[in-house]
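In: The sequence and its predicted three-dimensional model are supplied below.
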Amino acid sequence: MSSTAQRITIDPVTRLEGHGKIEIFLNESGQVDRAFFQIPELRGFEKFAEGRPAEDMPQITSRICGVCPTAHHMASTKALDAVYKVTPPPAALRIRELFYNVFMVEDHSLHIYFLGGPDFIVGPQAPAGERNILGVIGKVGVEVGQKVVGMRRKLRELLALTGGKAGHPVLGLPGGVAKRISKEDQAQFRAVANEAVDFAKFTLDVFDKLVLKRSDYVELILSDVFTHKTYYMGTVDGSNRINFYDGQLRVVKPDGSEYAKFGAGQYLDYVAEHVEPWSYVKFSYLKPVGWKGFVDGADSGVYSVAPLARLNAADGFATPGAQAAYQQYVETLHGKPVHHTLAFHWARAIELLYAAERMKELADNKELTDPNVRTLPTEVPTEGVGIVEAPRGTLIHHYVTDENGLIRKANMIVATTNNAARIAMSVEKAAKGLVSRDHISDGVLNMVEMAFRAYDPCNGCATHSLPGSMPLQIHVREADGSTAGILRRDLDGSITRQ
Amino acid sequence: MPVTRLLALGNDILADDAFGIRVAGEARRLFGGQMDVVESSEAGMALLDHVQNCDKLIVVDTVVTGQAAPGTITVLRNEEFQTVPGGSPHYVGLFEALQLAGKLGLHVPQEVTIITVEAADTFTVGGPMTAAVEAAMAPVLDMISGQYTQTPLSPPSSQSGGTGD
């Protein structure tokens, strides 16, 4: 492909969690022929897991990821419940869900302010030199910055209090958790939960003021170039309301009607992975619908996960503040399902409030401090699937063990894989709508990146090595593969052409 | 008493990405008591916790530039990256964490040194460190020892730098 087309590479994609790059191929006439994203993928995970005790998986899988270790830890722990056929006692379930929602509040806050914030809080058309964390602080003020960082610190203290280490928790065990929550701990959870609810409401106000009051931003959110009509997937409770920790997976069609609802153990009946020769990334799709290529519509198995998708797949939220915000969201964006990729940011802010409100509910729960936090497994281990809603979407862990509990086979489908096809489509559509040989400016390229960044794609399952000191480079190739020119985004944000 | 911290970034089950963690293990053994040694496998804003409340910060990590031979050691000091403004290609990472901490009035180090080693493979789970990266351990420990500790490394101990923790 690259030998016969001109090629533009945006590498690395800025402000992502981990590395990624977008490649744009031009045709002979200088228009975009094809665009896609690439992320590095881990090798050897399955082999590494083989022969290891299944009980080690919550630690191993959380150590793989430098970005959302808690999501891996929890999906893995739930898979172990299934492997050992054991149901944790009520207090353990409360503790797990509480712990998980603390993590969700922390992670969503980070994205809203520091990763996605530069696009909307600072603004998509702002000079490149301002579209970053410091630009966000400049816009919202140092005090708000201190508030965000202070909130984050308190949340991480709670994670450490329960999980031992905020970064790599050692909480989950098959059948329960390793540590109970004392009355004193509960008081701390309550206090921080109250603050988290206020913080989430404050964040929605910031979003309202800086984004929703701006008609140009709302127009951008609603614009066709950032729109795809696909299927959506998310975890729901018995009343079809969003739950991050547990429930059934619900899939809705592009028209919003329910397509399927199933338990974790049935995921292989619905999810399959497509491989393209040009990418290491696998593309998940709905197996019964089939892979029809990078196209939207009801005939294509492409689906999406993460905040936008969750709000589409569910009928609402179980907590009052989030439900009210959800209703405003649906109304403003002209009803469900919301197909506008840039609405991910708003959906994420609403989920932040839900996570905080749910945290408060659980912190107040009487069962929370019950000392019985473990059901000891007695069955012979076999096979199990654990699913959670990671901040970036549905995360699936699936293990098969021998009778001694040693891993025979392990499979993970991470959120970004579930979103990969729609991300590719979003990048291509934005590139086709905005880029051509004569339109390669920093602002235009940032708009393409925005299509990518809205998903909060996580490449942190790969590595967190420093991404090097190279500024952004855009490589334009002639049809014969030779270099036509190099566009370079320098450290001051300016674009120069060599 | 000024605090010197060694912040070792990496992942001990990801081939060459284990470098920082391995260096931390050795540094703790060799220079324990003379500096704070902190390991982290996290990315992004998690680093904010680790860059605060110290006066001198040494960061050790692998780097993938694709422009140097595996094992190549690069040292960056304050003046070489302090001017990195927004629009930096470094997602939310170390530089942003440092800048943000400074902007928010947190206690940030006056002196920051970043020692990076070009990695060959950071994607193979359970993979060993490549020989070239492993060989960079002794000189990196020497650098840390020479500049930040009162414990000169003798040749035998620097040779044993690859034994890990």
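Out: Good, I have the coordinates. Numbering: from 1, shown residues only, chains lettered A, B, ... in the order given.
In: for chain B, what spans make up the strands?
Out: Ranges of strands in chain B, per DSSP state E, are B:4-9, B:36-40, B:56-63, B:73-77, B:111-118.
In: Using JSON lines, please lay out those together with distance to residue A:374, mean neighbour count and mean pLDDT.
Out: C-betas here are computed from N, CA, C, even on glycine. Compiled in JSON lines, the strands of chain B are given as follows (distance: least, C-beta to C-beta, whole Å; neighbours: other C-beta atoms under 10 Å in any protein chain shown; pLDDT from 0 to 100):
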{"stretch": "strand B:4-9", "distance to residue A:374": "34", "mean neighbour count": "25", "mean pLDDT": "93"}
{"stretch": "strand B:36-40", "distance to residue A:374": "29", "mean neighbour count": "20", "mean pLDDT": "92"}
{"stretch": "strand B:56-63", "distance to residue A:374": "38", "mean neighbour count": "25", "mean pLDDT": "90"}
{"stretch": "strand B:73-77", "distance to residue A:374": "48", "mean neighbour count": "14", "mean pLDDT": "87"}
{"stretch": "strand B:111-118", "distance to residue A:374": "43", "mean neighbour count": "23", "mean pLDDT": "89"}
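In: do you know which of these lies nearest chain A?
Out: Set against chain A and scored by C-beta to the nearest C-beta, the strands of chain B come closest in strand B:56-63, at 4.5 Å.
In: Please put the alpha-carbon coordinates of the closest one into PDB.
Out: What follows is strand B:56-63, C-alpha atoms only, in PDB (Å, rounded to 0.1, in the frame of the first residue of the first chain):
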ATOM      1  CA  LYS B  56      17.100  16.400  43.100                       C
ATOM      2  CA  LEU B  57      15.400  13.900  40.900                       C
ATOM      3  CA  ILE B  58      17.100  11.300  38.700                       C
ATOM      4  CA  VAL B  59      14.800   9.500  36.300                       C
ATOM      5  CA  VAL B  60      15.800   6.200  34.700                       C
ATOM      6  CA  ASP B  61      13.800   4.800  31.800                       C
ATOM      7  CA  THR B  62      14.000   3.200  28.500                       C
ATOM      8  CA  VAL B  63      13.300   5.100  25.400                       C
END
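In: Now do it: which elements does it pack against?
Out: If contacts are counted by 3 or more C-beta pairs under 8 Å, 6 or more residues apart in numbering or on different chains; DSSP states H and E, strand B:56-63 sits against strand B:4-9, helix B:19-31, strand B:111-118, helix B:137-148.
In: So for the spatially most central residue of chain A, what's the pLDDT?
Out: Nearest to the mean C-alpha position of chain A, by C-alpha atoms, centre = their mean, lies residue A:392 at 1.0 Å. With respect to pLDDT, residue A:392 has a value of 91.
In: can you check residue B:134 too?
Out: Looking at residue B:134, its pLDDT reads 97.
In: mind checking how far it is from chain A?
Out: Going from residue B:134 to chain A by C-beta to the nearest C-beta, to the nearest Å gives 16 Å.
In: Give me the neighbour count for that residue.
Out: Residues near residue B:134, counting by other C-beta atoms under 10 Å in any protein chain shown, number 19.
In: again, but for residue A:335
Out: With neighbours defined by other C-beta under 10 Å, the count for residue A:335 comes to 9.
In: list the contacts for it?
Out: By C-beta atoms under 8 Å, 6 or more residues apart in numbering or on different chains, the contact set of residue A:335 is empty.
In: Ramachandran angles for it?
Out: phi 90, psi 170 (degrees, to the nearest 10).
In: How about the contacts made by residue 109?
Out: Because you didn't say which chain, this covers chain A. Here residue A:109 is in contact with A:148, A:151, A:152, A:199, A:203, A:352 (C-beta under 8 Å, 6+ apart).
In: my bad, the chain I had in mind was chain B
Out: Per C-beta under 8 Å, 6+ apart, neighbours of residue B:109: B:5, B:51, B:54, B:55, B:56, B:57.
In: next SSE after the host helix or strand of residue A:250?
Out: Using DSSP states H and E, residue A:250 sits within strand A:248-252. The first helix or strand that comes after strand A:248-252 along the chain, using DSSP H and E, is strand A:258-262.
In: Does anything pack onto that next one? Which helices or strands?
Out: strand A:248-252, helix A:267-270.
In: Could I get the buried residue list for that strand?
Out: Using 16 or more other C-beta atoms under 10 Å in any protein chain shown as the test for burial, strand A:258-262 gives A:259, A:260, A:261.
In: Kindly report the same for stretch A:214-227.
Out: The neighbour-count check on stretch A:214-227 (16+ other C-beta under 10 Å) flags A:217, A:218, A:220, A:221, A:222, A:225, A:226, A:227 as buried.
In: what residues does it touch?
Out: Counting by C-beta under 8 Å, 6+ apart, A:120, A:123-124, A:211-212, A:332-334, A:339-343, A:346, A:426, A:429-430, A:433-434, A:450-451, A:454 sit against stretch A:214-227.
In: Out of the helices and strands packed on strand A:258-262, which is the most enclosed?
Out: The highest average neighbour count among the helices and strands packed on strand A:258-262, using mean count of other C-beta atoms under 10 Å in any protein chain shown, belongs to strand A:248-252 at a mean of 22.
In: Could you export that strand as PDB, CA atoms only?
Out: Provided in PDB are the C-alpha atoms of strand A:248-252 (Å, rounded to 0.1, in the frame of the first residue of the first chain):
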ATOM      1  CA  GLN A 248     -24.900  -8.200  31.500                       C
ATOM      2  CA  LEU A 249     -23.500  -7.000  28.300                       C
ATOM      3  CA  ARG A 250     -26.100  -5.200  26.300                       C
ATOM      4  CA  VAL A 251     -25.700  -4.300  22.600                       C
ATOM      5  CA  VAL A 252     -28.000  -1.900  20.800                       C
END
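In: For residue 69, the count of nearby residues, please.
Out: Answering for chain A, as no chain was given. Residue A:69 has 27 neighbours, counted by other C-beta under 10 Å.
In: oops, chain B please
Out: 8.
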